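Chemist: Just need the structure, nothing else, for what follows:
(chains A, B and C)
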Amino acid sequence: MVGNRPYHLGTMPEGHTIHHLAGRYRQAFGGGVVRAESPQGRFAAGARQIDGRVLQETDAHGKHLLLGFDDDRWLHVHLGIYGKCAFGPAPAPAPTGAVRLRLSNAEEYADLRGPNTCELLDPAEKKALHARLGPDPLRADADPELAWRRIGRSRTSIGVLLMDQSVVAGVGNIYRAEALFREGVDPARPGRDLTRGQWTAIWADLVALMADGVRVGRIDTVRPEHTPEAMGRPPRVDDHGGEVYVYRRAGMPCFLCGGEVRTGVLAGRNLFWCPGCQTA
DNA sequence: GTGATATGAGAAT
DNA sequence: TTCTCCTATCACT
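Modeler: Numbers count the residues shown, from 1 in each chain, chains lettered A, B, ... in the order given. Prediction:
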(Lines give C-alpha, C1' and ligand atoms only; values in the text may rest on other atoms or scores of the structure.)
Protein backbone atom coordinates (compact mmCIF):
# COMPACT_ATOMS: atom_id res chain seq x y z
CA MET A 1 0.00 0.00 0.00
CA VAL A 2 0.98 3.54 -0.48
CA GLY A 3 -1.13 5.24 2.05
CA ASN A 4 -1.24 7.46 5.00
CA ARG A 5 -1.94 4.87 7.61
CA PRO A 6 0.61 2.71 9.33
CA TYR A 7 0.37 -0.85 8.17
CA HIS A 8 2.01 -4.09 8.99
CA LEU A 9 3.63 -6.58 6.75
CA GLY A 10 4.81 -9.96 7.70
CA THR A 11 1.98 -11.66 9.45
CA MET A 12 3.26 -14.67 7.60
CA PRO A 13 6.86 -14.13 6.72
CA GLU A 14 7.48 -16.63 4.02
CA GLY A 15 9.40 -15.62 0.92
CA HIS A 16 6.60 -13.58 -0.62
CA THR A 17 6.59 -11.22 2.39
CA ILE A 18 10.30 -10.61 2.11
CA HIS A 19 10.16 -9.83 -1.61
CA HIS A 20 7.22 -7.55 -0.98
CA LEU A 21 9.22 -5.79 1.73
CA ALA A 22 12.25 -5.38 -0.50
CA GLY A 23 10.06 -3.52 -2.96
CA ARG A 24 8.43 -1.52 -0.22
CA TYR A 25 11.76 -0.39 1.25
CA ARG A 26 13.00 0.54 -2.21
CA GLN A 27 9.83 2.50 -2.87
CA ALA A 28 10.06 4.35 0.43
CA PHE A 29 13.79 4.94 0.72
CA GLY A 30 15.54 3.94 -2.50
CA GLY A 31 18.00 6.46 -3.89
CA GLY A 32 17.85 8.79 -0.93
CA VAL A 33 19.47 9.52 2.37
CA VAL A 34 18.06 7.51 5.25
CA ARG A 35 17.89 8.26 8.94
CA ALA A 36 18.50 5.19 11.06
CA GLU A 37 18.11 4.59 14.76
CA SER A 38 17.55 1.70 17.14
CA PRO A 39 14.98 2.82 19.73
CA GLN A 40 15.27 -0.54 21.44
CA GLY A 41 19.04 -0.17 21.51
CA ARG A 42 19.93 -3.66 20.38
CA PHE A 43 21.10 -2.49 16.96
CA ALA A 44 22.50 0.85 18.04
CA ALA A 45 25.95 0.41 16.50
CA GLY A 46 24.53 -0.83 13.20
CA ALA A 47 22.00 1.97 13.04
CA ARG A 48 24.78 4.53 13.52
CA GLN A 49 26.60 2.98 10.60
CA ILE A 50 23.55 3.27 8.34
CA ASP A 51 22.41 6.70 9.52
CA GLY A 52 22.84 9.36 6.84
CA ARG A 53 23.69 6.91 4.07
CA VAL A 54 21.93 6.45 0.76
CA LEU A 55 19.89 3.29 0.23
CA GLN A 56 21.13 2.22 -3.18
CA GLU A 57 19.37 -1.07 -3.82
CA THR A 58 17.32 -3.77 -2.21
CA ASP A 59 17.46 -7.50 -2.67
CA ALA A 60 15.67 -10.58 -1.40
CA HIS A 61 16.63 -14.24 -1.48
CA GLY A 62 14.24 -16.65 0.16
CA LYS A 63 13.36 -15.26 3.56
CA HIS A 64 16.37 -12.96 3.66
CA LEU A 65 15.97 -9.23 3.09
CA LEU A 66 18.98 -7.18 2.01
CA LEU A 67 19.25 -3.40 1.85
CA GLY A 68 22.37 -2.06 0.14
CA PHE A 69 23.86 1.24 1.31
CA ASP A 70 26.41 3.55 -0.27
CA ASP A 71 29.31 2.28 1.82
CA ASP A 72 29.02 -1.08 0.07
CA ARG A 73 27.48 -2.65 3.14
CA TRP A 74 24.25 -4.59 3.26
CA LEU A 75 21.70 -4.63 6.01
CA HIS A 76 20.68 -8.25 6.37
CA VAL A 77 17.32 -8.92 7.99
CA HIS A 78 15.67 -12.25 8.71
CA LEU A 79 12.25 -11.97 10.34
CA GLY A 80 12.09 -15.47 11.76
CA ILE A 81 8.67 -16.34 13.13
CA TYR A 82 7.98 -13.13 14.96
CA GLY A 83 9.62 -10.40 13.02
CA LYS A 84 7.51 -7.63 11.53
CA CYS A 85 7.89 -4.43 9.59
CA ALA A 86 5.52 -1.51 9.92
CA PHE A 87 5.53 1.47 7.54
CA GLY A 88 3.89 4.78 8.13
CA PRO A 89 3.92 8.41 7.03
CA ALA A 90 6.28 11.00 8.48
CA PRO A 91 6.50 12.33 11.05
CA ALA A 92 7.23 9.08 12.80
CA PRO A 93 5.48 8.78 16.16
CA ALA A 94 7.28 7.81 19.35
CA PRO A 95 8.15 4.15 18.90
CA THR A 96 5.92 1.63 20.62
CA GLY A 97 7.19 -1.76 21.68
CA ALA A 98 10.59 -3.15 20.86
CA VAL A 99 11.66 -1.39 17.69
CA ARG A 100 15.03 -2.82 16.70
CA LEU A 101 15.52 -0.49 13.77
CA ARG A 102 13.68 2.54 12.50
CA LEU A 103 14.48 3.94 9.06
CA SER A 104 12.95 7.24 8.08
CA ASN A 105 13.09 10.14 5.67
CA ALA A 106 10.96 13.22 5.11
CA GLU A 107 8.02 11.15 3.83
CA GLU A 108 7.94 7.82 5.59
CA TYR A 109 9.27 5.66 8.35
CA ALA A 110 9.67 1.90 8.71
CA ASP A 111 9.91 0.08 12.03
CA LEU A 112 11.46 -3.36 12.35
CA ARG A 113 10.49 -5.49 15.34
CA GLY A 114 11.55 -8.92 16.50
CA PRO A 115 13.85 -9.99 13.69
CA ASN A 116 15.79 -13.18 14.04
CA THR A 117 18.70 -11.51 12.30
CA CYS A 118 19.57 -7.83 11.88
CA GLU A 119 23.18 -7.25 10.94
CA LEU A 120 25.48 -5.59 8.44
CA LEU A 121 27.26 -7.65 5.81
CA ASP A 122 30.14 -6.84 3.50
CA PRO A 123 29.85 -7.94 -0.15
CA ALA A 124 31.73 -11.19 0.45
CA GLU A 125 29.40 -12.11 3.29
CA LYS A 126 26.38 -11.32 1.15
CA LYS A 127 27.76 -13.56 -1.58
CA ALA A 128 28.23 -16.37 0.93
CA LEU A 129 24.62 -15.96 2.02
CA HIS A 130 23.37 -16.40 -1.54
CA ALA A 131 25.64 -19.39 -1.95
CA ARG A 132 24.12 -21.29 0.91
CA LEU A 133 20.55 -20.72 -0.27
CA GLY A 134 18.76 -22.80 -2.86
CA PRO A 135 16.87 -21.40 -5.85
CA ASP A 136 14.10 -18.99 -4.90
CA PRO A 137 10.88 -19.28 -6.93
CA LEU A 138 10.56 -15.50 -6.75
CA ARG A 139 13.98 -14.72 -8.23
CA ALA A 140 14.46 -14.37 -11.96
CA ASP A 141 17.83 -16.13 -11.70
CA ALA A 142 16.38 -19.21 -10.00
CA ASP A 143 17.25 -22.58 -11.51
CA PRO A 144 14.86 -25.33 -10.38
CA GLU A 145 17.30 -27.89 -11.75
CA LEU A 146 19.62 -27.15 -8.84
CA ALA A 147 16.86 -28.14 -6.44
CA TRP A 148 16.00 -31.23 -8.45
CA ARG A 149 19.58 -32.45 -8.17
CA ARG A 150 19.16 -32.54 -4.42
CA ILE A 151 15.57 -33.77 -4.33
CA GLY A 152 15.86 -36.44 -6.98
CA ARG A 153 18.55 -38.33 -5.12
CA SER A 154 17.40 -37.77 -1.54
CA ARG A 155 15.79 -40.30 0.77
CA THR A 156 14.42 -37.40 2.82
CA SER A 157 10.71 -36.73 2.42
CA ILE A 158 9.62 -34.02 0.03
CA GLY A 159 7.77 -32.40 2.92
CA VAL A 160 11.06 -31.84 4.72
CA LEU A 161 13.07 -31.02 1.60
CA LEU A 162 10.72 -28.19 0.61
CA MET A 163 11.39 -26.51 3.96
CA ASP A 164 15.16 -26.85 3.63
CA GLN A 165 16.30 -23.40 2.55
CA SER A 166 19.43 -24.79 0.94
CA VAL A 167 17.21 -26.86 -1.38
CA VAL A 168 14.52 -24.28 -2.15
CA ALA A 169 14.64 -20.79 -0.65
CA GLY A 170 11.56 -18.93 0.47
CA VAL A 171 9.10 -21.78 0.96
CA GLY A 172 7.66 -21.88 4.47
CA ASN A 173 5.16 -24.07 6.22
CA ILE A 174 2.13 -22.72 4.38
CA TYR A 175 3.45 -22.85 0.82
CA ARG A 176 4.91 -26.28 1.58
CA ALA A 177 1.56 -27.67 2.66
CA GLU A 178 -0.43 -25.99 -0.08
CA ALA A 179 1.83 -26.78 -3.02
CA LEU A 180 1.96 -30.45 -2.07
CA PHE A 181 -1.81 -30.53 -1.72
CA ARG A 182 -2.39 -28.84 -5.07
CA GLU A 183 -0.14 -31.32 -6.82
CA GLY A 184 -1.58 -34.27 -4.93
CA VAL A 185 1.81 -35.28 -3.56
CA ASP A 186 2.15 -37.15 -0.27
CA PRO A 187 4.47 -35.10 1.98
CA ALA A 188 6.05 -38.30 3.27
CA ARG A 189 7.22 -39.41 -0.17
CA PRO A 190 11.01 -39.54 -0.40
CA GLY A 191 12.43 -36.94 -2.76
CA ARG A 192 14.00 -39.55 -5.00
CA ASP A 193 10.61 -41.21 -5.53
CA LEU A 194 9.19 -38.08 -7.11
CA THR A 195 9.06 -37.95 -10.87
CA ARG A 196 10.73 -35.09 -12.63
CA GLY A 197 7.30 -34.09 -13.88
CA GLN A 198 6.01 -33.84 -10.34
CA TRP A 199 8.90 -31.61 -9.37
CA THR A 200 8.38 -29.42 -12.43
CA ALA A 201 4.73 -29.04 -11.50
CA ILE A 202 5.48 -28.24 -7.85
CA TRP A 203 8.06 -25.64 -8.87
CA ALA A 204 5.73 -24.01 -11.38
CA ASP A 205 3.02 -23.92 -8.77
CA LEU A 206 5.36 -22.32 -6.22
CA VAL A 207 6.41 -19.69 -8.76
CA ALA A 208 2.79 -18.79 -9.47
CA LEU A 209 1.52 -18.96 -5.90
CA MET A 210 4.38 -16.99 -4.41
CA ALA A 211 4.31 -14.30 -7.09
CA ASP A 212 0.64 -13.95 -6.32
CA GLY A 213 1.51 -13.69 -2.63
CA VAL A 214 3.94 -10.84 -3.30
CA ARG A 215 1.25 -8.94 -5.18
CA VAL A 216 -1.60 -9.54 -2.79
CA GLY A 217 0.39 -9.55 0.43
CA ARG A 218 -1.10 -12.77 1.73
CA ILE A 219 -1.21 -16.45 0.88
CA ASP A 220 -4.21 -17.52 -1.17
CA THR A 221 -3.94 -20.94 -2.71
CA VAL A 222 -7.44 -22.12 -3.53
CA ARG A 223 -8.40 -22.37 -7.17
CA PRO A 224 -11.34 -20.30 -8.41
CA GLU A 225 -13.75 -23.23 -8.06
CA HIS A 226 -12.87 -23.58 -4.36
CA THR A 227 -13.27 -20.01 -3.16
CA PRO A 228 -15.89 -19.39 -0.47
CA GLU A 229 -18.12 -17.72 -3.07
CA ALA A 230 -17.83 -20.56 -5.54
CA MET A 231 -18.50 -23.21 -2.90
CA GLY A 232 -21.01 -21.26 -0.85
CA ARG A 233 -18.96 -21.82 2.29
CA PRO A 234 -17.98 -19.28 4.94
CA PRO A 235 -14.65 -17.55 4.39
CA ARG A 236 -11.67 -18.23 6.59
CA VAL A 237 -11.97 -16.22 9.76
CA ASP A 238 -8.65 -16.52 11.55
CA ASP A 239 -5.80 -14.10 11.15
CA HIS A 240 -3.65 -16.32 9.03
CA GLY A 241 -4.36 -14.65 5.80
CA GLY A 242 -5.99 -16.04 2.77
CA GLU A 243 -7.90 -19.04 1.58
CA VAL A 244 -6.00 -22.32 1.79
CA TYR A 245 -6.73 -26.02 1.35
CA VAL A 246 -5.01 -27.67 4.29
CA TYR A 247 -2.84 -25.31 6.35
CA ARG A 248 -4.27 -25.20 9.88
CA ARG A 249 -7.42 -26.97 8.71
CA ALA A 250 -6.83 -30.17 10.71
CA GLY A 251 -10.04 -32.07 11.34
CA MET A 252 -11.99 -30.06 8.82
CA PRO A 253 -13.33 -31.53 5.58
CA CYS A 254 -11.16 -31.39 2.48
CA PHE A 255 -12.66 -29.12 -0.19
CA LEU A 256 -11.96 -31.78 -2.83
CA CYS A 257 -12.73 -35.17 -1.31
CA GLY A 258 -14.59 -34.28 1.88
CA GLY A 259 -12.21 -36.36 3.99
CA GLU A 260 -10.61 -35.03 7.13
CA VAL A 261 -7.52 -32.88 6.79
CA ARG A 262 -4.77 -34.33 8.96
CA THR A 263 -1.96 -32.78 10.95
CA GLY A 264 1.25 -34.12 12.39
CA VAL A 265 4.74 -33.01 13.27
CA LEU A 266 7.41 -33.58 10.67
CA ALA A 267 10.98 -32.54 11.47
CA GLY A 268 9.73 -30.34 14.28
CA ARG A 269 7.21 -28.44 12.21
CA ASN A 270 3.46 -28.76 11.96
CA LEU A 271 2.44 -30.44 8.77
CA PHE A 272 -1.05 -30.44 7.28
CA TRP A 273 -2.24 -32.65 4.47
CA CYS A 274 -5.19 -34.57 3.06
CA PRO A 275 -4.53 -38.32 2.98
CA GLY A 276 -7.37 -38.79 0.52
CA CYS A 277 -6.02 -36.38 -2.08
CA GLN A 278 -2.25 -36.57 -1.57
CA THR A 279 -1.42 -40.03 -2.76
CA ALA A 280 0.98 -39.43 -5.63
C1' DG B 1 -0.76 -10.99 35.33
C1' DT B 2 0.33 -15.59 33.12
C1' DG B 3 0.81 -18.86 29.60
C1' DA B 4 0.26 -20.71 25.05
C1' DT B 5 1.14 -19.89 20.51
C1' DA B 6 3.10 -18.73 15.64
C1' DT B 7 4.82 -18.64 9.85
C1' DG B 8 12.18 -19.87 11.27
C1' DA B 9 16.68 -21.44 11.91
C1' DG B 10 20.88 -22.53 14.09
C1' DA B 11 23.21 -24.79 17.84
C1' DA B 12 23.40 -28.29 21.22
C1' DT B 13 22.61 -33.02 22.77
C1' DT C 1 15.43 -34.59 18.58
C1' DT C 2 15.35 -30.74 21.81
C1' DC C 3 16.70 -26.29 23.08
C1' DT C 4 17.00 -21.36 22.43
C1' DC C 5 16.28 -16.81 20.71
C1' DC C 6 13.38 -12.98 18.80
C1' DT C 7 7.93 -10.36 19.92
C1' DA C 8 2.96 -9.53 19.86
C1' DT C 9 -1.50 -11.24 20.67
C1' DC C 10 -5.14 -13.53 22.66
C1' DA C 11 -7.33 -16.63 25.96
C1' DC C 12 -7.20 -17.50 30.42
C1' DT C 13 -6.82 -16.60 35.70
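Chemist: hey, let's count contacts and neighbours off CA atoms from now on
Modeler: OK.
Chemist: Give the full set of residues in contact with A:Glu108.
Modeler: A:Ala28, A:Phe87, A:Gly88, A:Pro89, A:Ala90, A:Pro91, A:Ala92 (CA atoms under 8 Å, 6 or more residues apart in numbering).
Chemist: Hmm, A:Tyr109 and the fifth one touching each other?
Modeler: Spelled out, it's A:Ala90. Yes - with contact defined as CA atoms under 8 Å, A:Ala90 reaches A:Tyr109; the gap is 6.1 Å.
Chemist: These two - which one has more neighbours?
Modeler: Legend: neighbour count by other CA atoms under 10 Å for A:Ala90 and A:Tyr109, higher for A:Tyr109 (24 against 14).
Chemist: and that one, what are its bridge partners?
Modeler: A:Gly88, A:Ser104 (DSSP bridges).
Chemist: which residues touch the residue in the stretch 51-200 of chain A positioned nearest to DNA strand B?
Modeler: Using CA to the nearest atom of the strand, the single residue of the stretch 51-200 of chain A nearest to DNA strand B is A:Gly172, 3.1 Å away. Going by CA under 8 Å, 6+ apart, A:Gly172 touches A:Glu14, A:Gly15, A:Met163.
Chemist: Quick check: the last one touching A:Ile174?
Modeler: No - A:Met163 is beyond contact range of A:Ile174, at 10.0 Å (criterion: CA under 8 Å).
Chemist: Drop anything exposed from the contacts of A:Glu108.
Modeler: Neighbour counting by 16 or more other CA atoms under 10 Å classes A:Ala28, A:Phe87, A:Gly88, A:Pro89, A:Ala92 among the contacts of A:Glu108 as buried.
Chemist: quick one: average pLDDT of stretch A:21-38?
Modeler: Summarised as a single mean, pLDDT over stretch A:21-38 is 97.
Chemist: tell me which of the buried ones among the contacts of A:Glu108 is nearest to DNA strand C?
Modeler: Distances from DNA strand C to the buried ones among the contacts of A:Glu108, taken by CA to the nearest atom of the strand, are shortest for A:Phe87, at 13.7 Å.
Chemist: can you give me the helices in the stretch 101-250 of chain A?
Modeler: Secondary structure of the stretch 101-250 of chain A (DSSP state H, counting those that start in this stretch): helices at A:123-132, A:144-151, A:158-161, A:173-182, A:196-216, A:228-231.
Chemist: nearest to A:Arg248, of those helices?
Modeler: Nearest to A:Arg248 among those is helix A:173-182 (8.8 Å), distances taken as CA to CA.
Chemist: list the helices and strands that closest one packs on?
Modeler: Taking 3 or more CA pairs under 8 Å, 6 or more residues apart in numbering; DSSP states H and E as contact, the helices and strands that helix A:173-182 lies on are helix A:158-161, helix A:196-216, strand A:269-273.
Chemist: Export these as CSV, with columns for distance to DNA strand C, mean neighbour count and mean pLDDT.
Modeler: As requested, those are exported to CSV (distance: least, CA to the nearest atom of the strand, whole Å; neighbours: other CA atoms under 10 Å; pLDDT from 0 to 100):
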stretch, distance to DNA strand C, mean neighbour count, mean pLDDT
helix A:158-161, 11, 22, 94
helix A:196-216, 20, 18, 95
strand A:269-273, 8, 20, 90
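Chemist: Out of the ones you listed, flag the one nearest A:Leu133.
Modeler: Between A:Leu133 and these, the shortest separation by CA to CA is 12.9 Å, and it involves helix A:158-161.
Chemist: And that closest one, how far out from the chain middle?
Modeler: Here the centre of helix A:158-161 is set off from its chain's centre by 17 Å, with CA atoms, centre = their mean, to the nearest Å.
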